[in-house]
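> I would like to see how this sequence folds:
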Amino acid sequence: MTASPLPVYLVKGDDPSLLSQGLSTLLGQLAGGDSLGIEHLPAEADLAVALEALRTPSLFGDRRVIVVRDVGRFDAAAVDPVLDYLGEPSEESVLVLVAGGGQTNRRLADAVRKRGHVVDTSVPQRAKEKTQWIADQISSGPVRLSPSAARKLTAHLGEDLGRLETLLAGLAAAYGEGATVGEEELEPFLGEAGGVAPWDLTDAIDRGDTAGAVTALHRMLDGGQRHPMAVLSTVSRHVLALVRLDGAGVRSDAEAAALIGTAPFPARKALAQSRKLGSQSIARAVKLVAQADLDLRGASEWPNLLVLEILVARLSRMG
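Coordinates of the predicted model:
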């Protein structure tokens, strides 16, 4: 990349930590070990300032790299001059755009794909693809994790994958690059458990795993920093799906998905759970969720955590 960089790059992603890591990696590749030519424009700078800088030769090297953050804040009128520039870009400059500040203009994103490259730091959402993504990050990291250590690390981080690179770097600093790290060596570096996906909670409830459901609840509230009402909303949507499926005469995953508005796989799980519980238990689940909603809104003096712990424990015992 350092020999012949493209004129423009767009770095995008959902996790701020992964977005920052992706930007750092890209800039390291573009700079080739010389960061003097990299210029980060101030947060309030507009695209006109970036274009002027791109057309000005670098005083510190052969290449000038201009970084503009939060490009979602720019409207179509501000983007038009950039599109004109990309029609005939400077051979001595590189424009690096970082997503954020709103939705990136579609015409700008399309122009980057045509004339440059999009660096997507997003983690796949499908479980199998996400697991493979994590495995790839670990295998390309500075240390080797034993299979059990890799599983422990994956489970511990949950959705907080922005910590993965830093944690692996810490292991390399402690044990040396290329070292094999087992569970015992990994344990002191884990820190607080990361948040988990909402379906980790609802799946634990459905299979009757009370301890697992309460653990998932704590990780959503602590590591995931979700508001108690947001967690209740997750449980409420899950129970509502069971209500809609109960007695609806649904015969396939596709019909279930169309009825409750989800993908076929979660619809299949909801359909199986609806049939397993039956109308009487589903009605009781609705009452439990409704009471928890009142309690969180002040009907009870119980702490929010206790209200939710009791709710998920009772729901899981039904499963």
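
> Confirm that residue 43 sits in a strand.
No - assigned with DSSP: H, G, I helix; E, B strand; the rest coil, residue 43 falls outside any strand and is coil.

> For it, give its distance to residue 204.
Relative to residue 204, residue 43 is positioned 42 Å away (Cβ to Cβ, to the nearest Å). Backbone N, C-alpha and C define where each C-beta goes, glycine included.

> One more: residue 266?
Counting by Cβ to Cβ, the separation of residue 266 from residue 204 is 15 Å.

> One more: residue 265?
When residue 265 is compared with residue 204 (using Cβ to Cβ), they lie 17 Å apart.

> Looking at those two, which is more packed in?
residue 204 (23 against 13; other Cβ atoms under 10 Å).

> Name the helix or strand for that one, please.
According to DSSP states H and E, residue 204 maps onto helix 198-206.

> How about the next helix or strand after that helix, which residues are buried there?
Later in the chain than helix 198-206, the nearest helix or strand by DSSP H and E is helix 210-221. By neighbour count on 16 or more other Cβ atoms under 10 Å, the buried set for helix 210-221 is 210, 212-221.

> cool, stretch 5-18 as well?
Buried residues in stretch 5-18 (16+ other Cβ under 10 Å): 5, 7-13, 15, 17-18.

> Quick one: end-to-end length of that stretch, please.
22 Å (Cα to Cα, to the nearest Å).

> which helices and strands does the helix holding residue 204 pack with?
helix 210-221, helix 228-245, helix 264-294, helix 304-318 (3 or more Cβ pairs under 8 Å, 6 or more residues apart in numbering; DSSP states H and E).

> what distance separates it from the centre of its chain?
18 Å (Cα atoms, centre = their mean, to the nearest Å).

> could you check the angle helix 304-318 makes with that helix?
For helix 198-206 against helix 304-318, the angle by axes from the mean of the first three to the mean of the last three Cα atoms, to 10 degrees is 50 degrees.

> pLDDT on helix 198-206, on average?
Mean pLDDT, computed over helix 198-206, is 91.

> Tell me the buried residues in it?
198-206.

> between it and helix 210-221, how many degrees?
Using the same axes, to 10 degrees: helix 198-206 against helix 210-221 is 160 degrees.

> Show me where the stretch 101-250 of the chain dips below the pLDDT cut-off.
For the stretch 101-250 of the chain, residues meeting the criterion pLDDT under 70 lie at 224.

> Pretty sure residue 202 sits against residue 240.
No - Residue 202 lies out of contact with residue 240 (Cβ atoms under 8 Å); the separation is 11.7 Å.

> Roughly how far does residue 28 sit from residue 167?
As judged by Cβ to Cβ, residue 28 and residue 167 stand 20 Å apart.

> Compare the two and say which is more crowded by neighbours.
Neighbour count, other Cβ under 10 Å: between residue 28 and residue 167, residue 167 has more, with 18 against 14.

> ok, the more buried one touching residue 189?
Yes - counting by Cβ under 8 Å, residue 167 does reach residue 189; the two are 5.9 Å apart.
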